[in-house]
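Peer 1: Structure for the following, please:
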Amino acid sequence: MSEENDLSKEGSLHDSVPVTGMYKEWFLDYASYVILERAVPAIEDGLKPVQRRILHAMKEMDDGRFNKVANIIGQSMQYHPHGDASIGDAIVNIGQKELLIETQGNWGDVRTGDRAAAARYIEARLSKFALEVVFNPQTTEWQLSYDGRKREPVTLPVKFPLLLAQGVEGIAVGLSTKILPHNFCELIAGSIEILKGNSTNVLPDFITGGLADFSEYNGGQRGGKVKVRAKIEEEDSKTILIKEIPYGTTTDSLIDSILKANDKGKIKIKKVVDNTAKDVEIAIQLAPGVSPDVTIDALYAFTDCEVSISPNACVIIEDKPVFLNVNEILAYNTKQTKALLKRELEIRKAELMEKLLFSSLEKIFIENRIYRDIEECTTWEAVLEAIDKGLDPYKPDFYREIVQEDLLKLTEIRIKRISKFDAFKADELMKKLQDELKEVNYNLRHLTDYAIKYYENLLTKYGKGRERKTEIRTFDTIEATVVAANNAKLYVNRADGFVGSGLKKDEFVCDCSDLDDIIVIRKDGKCMVSKVQDKNFMGKDILHIAVFRKGDERMVYNLIYLEGASGRAMVKRFQVLAVTRDKEYDLTKGTKGSKALYLTANPNGEAEIVTVYLTQGAKARVKVFDFDFSTIEIKGRGAGGNILTKYPVRKIQLKMEGVSTLGGLDIYYDPIVGRLNTDERGNLIGNFLGDDKVLVCYKTGDYELTSFELTNRYDPSNVILIEKFDQDKVISAIYYDGGSKTYYVKRFQIETTTLNKKFNFITDHKQSYLKVVSTDKQPQASVVFVKGKEEEVMEYDLDMLIDVKGWKAIGNKLSSHTVKEIRLVETKKTNSEQKTEEDLESDEEDQIEVGKTINLSVKKDDEEQLGLF
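Peer 2: Numbering: from 1, shown residues only. Next up, the predicted model:
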């Protein structure tokens with residue numbers, strides 16, 4: 001029994017295998033398989049194995065007609081050892097990119113997220129582009145399929161940067177790749193630049209269109225980021241339209257995100273309607289009193305109307321994953337294309353030389369009647385020897401040695417061909433072959449030029465309709481707290497010191513957003529900033545509570561406080577620009593017994609006049625006096641302030657409301673992002689106060705008056721003039737009338753007062769557009785006319801051409817001759833104008849003059865977009 005037990009124990013020990021070793025080996029095998037065979041594309045053809053096998057199967061099936069996708073899936077399964085579902089999804093994915101496969105039937109819609117119909121209902125065939133660029137059996141490296149029955153390509157000889165054109169996304173074990181799709185035409189242009197020895201920088205382009213900021217793209221490498229926005233237009237003051245959606249989203253997912261933001265109170269809308277058909281259109285109806293500009297910013301801030309994409313360019317090179325940037329991938333593909341073209345030329349050269357050789361042999365064989373020498377030969381060896389002997393005099397002229405295979409071909413020439421042999425036609429054929437060989441040799445010597453012509457030919461044949469869809473922009477940063485809709489109400493219990501949105505029985509302060517911060521100043525001279533909460537204790541005896549705007553330099557607090565140690569009354573004006581949340585800050589000197597006597601918060605830096613009453617027991621002769629806050633400077637919150645009086649104060653009363661001591665606000669327009677700002681980005685358009693307005697003229701022939709709110713949005717591609725509005729100024733304009741195909745000039749003054757409404761002051765023909773516009777007193781325009789075959793340049797004083805009329809007037813015809821070019825001539829300012837601007841400009845010598853017009857002339861590119869050329 002003991003021996004049996006020992007044997008059983010020994011056997012169990014021998015059968016055990018360490019799991020750790022197995023796991024390490026198998027896991028690495030599995031990870032390598034997923035990386036190389038499923039998730040990450042090869043750099044040579046830009047395809048994953050399933051995509052490559054699908055295209056190979058379609059090539060084998062290709063007869064020019066459409067095939068059922070179900071049949072293509074079956075054919076592909078001979079090469080791909082996985083299920084039909086994964087193959088079907090891969091085919092649909094390739095087809096929706098509209099490059100390699102021509103489709104027929106319902107293939108779904110990437111914009112709406114609709115799936116394709118079942119494989120048995122849809123059809124596909126290879127596109128002409130794929131047949132020309134992707135396949136060439138002579139330059140393809142082959143391998144056996146997974147079961148050894150078939151032959152499949154290792155990689156396809158693609159002569160185009162297909163990987164960058166289609167983009168790819170894959171998740172492997174411990175590794176992922178995400179290469180964004182790029183524009184077809186721009187990739188070809190980039191390849192041509194590389195062949196010319198120049199550097200290039202290609203940027204993604206998405207089939208869904210939209211707007212994109214590539215400032216942090218980083219060549220598509222890890223750590224890069226692309227911000228993509230929906231294209232949103234303002235139809236009217238109550239409706240905004242989403243015309244294009246961000247890449248990676250669908251109309252359904254976008255609408256869901258908008259509804260969720262509305263439910264959370266981040267935006268305020270009435271209704272969302274999906275009108276998407278041939279083109280995307282999502283109509284959003286706004287709630288009453290809601291600004292379209294603020295809502296557009298809120299959509300970007302709180303919904304999928306703006307998404308951030310993180311690329312990660314990883315490809316397989318020599319069976320290893322490698323991280324490259326997209327420009328390096330393009331350079332690799334361009335070099336590979338050049339090498340493949342060289343190989344094709346060398347193959348063609350060899351074919352031509354063989355054809356020339358055999359044509360020469362055939363001609364010699366027939367014209368010299370060598371075939372008669374074999375009539376008396378009794379053996380096959382003797383026949384071949386006789387032919388070879390007949391060719392001996394000509395062998396030195398051939399480019400290679402004559403072998404037995406060449407002799408066998410000559411014996412296969414039929415008697416009918418010999419009897420009908422035409423030496424003239426044979427010479428013509430040989431001349432054509434020699435000409436083609438000469439051309440091939442030339443292309444081999446000038447391979448770079450040949451490659452450039454190849455790319456240019458691709459662009460000519462297939463570039464139409466593949467223009468850039470995604471507009472390249474630089475986005476401004478949207479502060480969520482600024483654009484968030486007020487979805488909460490703020491209440492305060494001043495005596496107990498509680499603040500929050502849930503104290504509905506206490507004093508109402510204001511509407512706010514749950515993203516806002518609130519500032520509280522207490523009677524003990526302490527200041528604190530905290531996030532809006534349902535109920536929050538911020539200290540008893542609250543004097544001031546409001547929504548806090550970080551960095552608001554216009555908000556000035558006027559404070560009189562009692563300094564506890566000396567008993568003096570101190571006065572100060574200060575700003576609170578940046579703080580740490582939930583931290584108490586002393587606005588007094590912090591001594592025991594210090595407290596606030598008087599406090600006001602002034603959103604525009606107002607400085608009031610107060611009356612100070614001293615106590616009856618004070619030794620001062622004057623016990624009542626006035627103090628003007630404008631007499632002291634604005635400092636930081638930590639400043640101690642100035643002595644108001646050393647005597648005890650009984651009370652302080654407001655005597656007179658103050659005016660702003662900060663002066664106007666310098667407003668700049670950034671033409672890159674189309675936004676107003678106070679950060680000195682772009683061009684200074686003026687110094688604004690109170691009810692001042694902004695005048696905007698658009699290339700479409702509209703003018704608009706707006707406020708100078710920083711949330712205003714302007715389309716930078718459409719703005720031709722933006723400046724501070726002066727109702728006394730006359731607008732001089734030259735516009736093109738699409739109906740009569742002529743230019744008109746007009747002068748008028750703004751008569752409307754409605755804000756944020758566009759008024760069209762040119763003809764309403766769809767091809768009409770505004771060419772130049774100016775608000776100068778004496779505007780001049782230089783016009784180039786075409787008279788016959790000559791050009792003539794004339795300068796016009798627009799104020800002399802036409803009188804000031806109503807803004808609806810058509811104006812006068814500029815000229816009966818053909819106008820080639822119009823541009824504004826800079827006019828010299830009068831002494832009075834210069835003096836006025838000198839009074840307004842700052843100490844910086846290079847600062848742009850206040851009130852200067854930003855005038856952007858319409859370029860020919862814009863005219864082409866309007867369909868005039």
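Peer 1: Could you pull up phi and psi at W380?
Peer 2: phi -70, psi -40 (degrees, to the nearest 10).
Peer 1: and it, how many neighbours?
Peer 2: 11 (other Cβ atoms under 10 Å). The way it works is simple: take the backbone N, C-alpha and C, and place the C-beta from them, glycine included.
Peer 1: Can you check what pLDDT the model gives it?
Peer 2: On pLDDT, W380 comes in at 86.
Peer 1: Check the spacing between it and I374 real quick.
Peer 2: W380 sits at a distance of 10 Å from I374 (criterion: Cβ to Cβ, to the nearest Å).
Peer 1: hey, C-alpha coordinates of stretch 73-88 in CSV?
Peer 2: Provided in CSV are the C-alpha atoms of stretch 73-88 (Å, rounded to 0.1, in the frame of the first residue of the first chain):
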residue,chain,number,x,y,z
ILE,A,73,-17.9,37.4,-47.5
GLY,A,74,-17.9,33.7,-48.6
GLN,A,75,-15.0,34.2,-50.9
SER,A,76,-13.0,36.1,-48.2
MET,A,77,-13.5,33.3,-45.7
GLN,A,78,-11.1,31.2,-47.8
TYR,A,79,-8.4,33.5,-46.6
HIS,A,80,-9.6,34.9,-43.3
PRO,A,81,-10.0,32.4,-40.5
HIS,A,82,-12.8,34.3,-38.7
GLY,A,83,-16.5,34.6,-38.7
ASP,A,84,-18.7,36.2,-41.4
ALA,A,85,-19.8,39.0,-39.2
SER,A,86,-16.4,40.6,-38.8
ILE,A,87,-15.8,40.3,-42.5
GLY,A,88,-19.1,41.9,-43.3
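Peer 1: in that stretch, what's buried?
Peer 2: The neighbour-count check on stretch 73-88 (16 or more other Cβ atoms under 10 Å) flags 73, 75-76, 78-80, 82, 87-88 as buried.
Peer 1: Not counting sequence-adjacent ones, nearest residue to E821?
Peer 2: V784 (4.1 Å; Cβ to Cβ, 6 or more residues apart in numbering).
Peer 1: pretty sure the one you found is touching V793, no?
Peer 2: Yes - between V784 and V793 there is a contact under Cβ atoms under 8 Å: 5.3 Å.
Peer 1: those strands in the stretch 151-300 of the chain, which residues are they?
Peer 2: 151-155, 168-171, 176-179, 211-213, 226-229, 231-236, 239-244, 269-274, 282-286 (DSSP state E, counting those that start in this stretch).
Peer 1: Between those strands, which one is closest to G806.
Peer 2: strand 231-236 (24.4 Å; Cβ to Cβ).
Peer 1: got the angle between the closest one and strand 239-244?
Peer 2: Here the directions of strand 231-236 and strand 239-244 differ by 160 degrees (axes from the mean of the first three to the mean of the last three Cα atoms, to 10 degrees).
Peer 1: Ranking helices and strands of the chain by mean pLDDT, which lands last?
Peer 2: Of all helical and strand segments in the chain, the minimum by mean pLDDT, DSSP states H and E falls on helix 860-865, at a mean of 38.
Peer 1: Dihedrals phi and psi, G390?
Peer 2: phi -70, psi -20.
Peer 1: Repeat that for the one 5 residues further on.
Peer 2: In terms of degrees, to the nearest 10, the main-chain angles of K395 are phi -60, psi -40.
Peer 1: From what I see, it and V403 are in contact.
Peer 2: No - counting by Cβ under 8 Å, K395 stays clear of V403, with 11.4 Å between them.
Peer 1: Distance of T775 relative to G811?
Peer 2: Taken as Cβ to Cβ, the span from T775 to G811 is 16 Å.
Peer 1: got it, and C377?
Peer 2: Taken as Cβ to Cβ, the span from C377 to G811 is 100 Å.
Peer 1: same deal with E193?
Peer 2: Counting by Cβ to Cβ - E193 and G811 are separated by 46 Å.
Peer 1: go on, S32?
Peer 2: From S32 to G811 the distance is 74 Å (Cβ to Cβ).
Peer 1: With neighbour numbers in mind, choose between those two.
Peer 2: A count of neighbours by other Cβ under 10 Å puts G811 above the other of S32 and G811, at 21 against 15.
Peer 1: the strands in the stretch 551-700 of the chain, which residues?
Peer 2: Under DSSP E, counting those that start in this stretch, the stretch 551-700 of the chain gives strands at 556-562, 569-575, 585-586, 595-602, 606-614, 624-628, 634-636, 642-645, 649-660, 665-670, 675-677, 683-688, 694-698.
Peer 1: The second one - which strands sit beside it in the sheet, and in what orientation?
Peer 2: This means strand 569-575. According to DSSP bridges, strand 569-575 forms sheet pairs with strand 556-562 (antiparallel), strand 634-636 (parallel), strand 642-645 (antiparallel).
Peer 1: quick revisit: mind listing what the residue nearest to E821 touches?
Peer 2: Counting by Cβ atoms under 8 Å, 6 or more residues apart in numbering, V784 makes contact with 791-793, 819-822.
Peer 1: Now do the same for it: helix, strand or coil?
Peer 2: strand (DSSP: H, G, I helix; E, B strand; the rest coil).
Peer 1: where's it relative to E792, distance?
Peer 2: For V784 relative to E792 (Cβ to Cβ), the value is 7 Å.
Peer 1: what's the answer for Y454, then?
Peer 2: In terms of Cβ to Cβ, Y454 sits 45 Å off from E792.
Peer 1: F206 too?
Peer 2: Distance from F206 to E792, by Cβ to Cβ: 47 Å.
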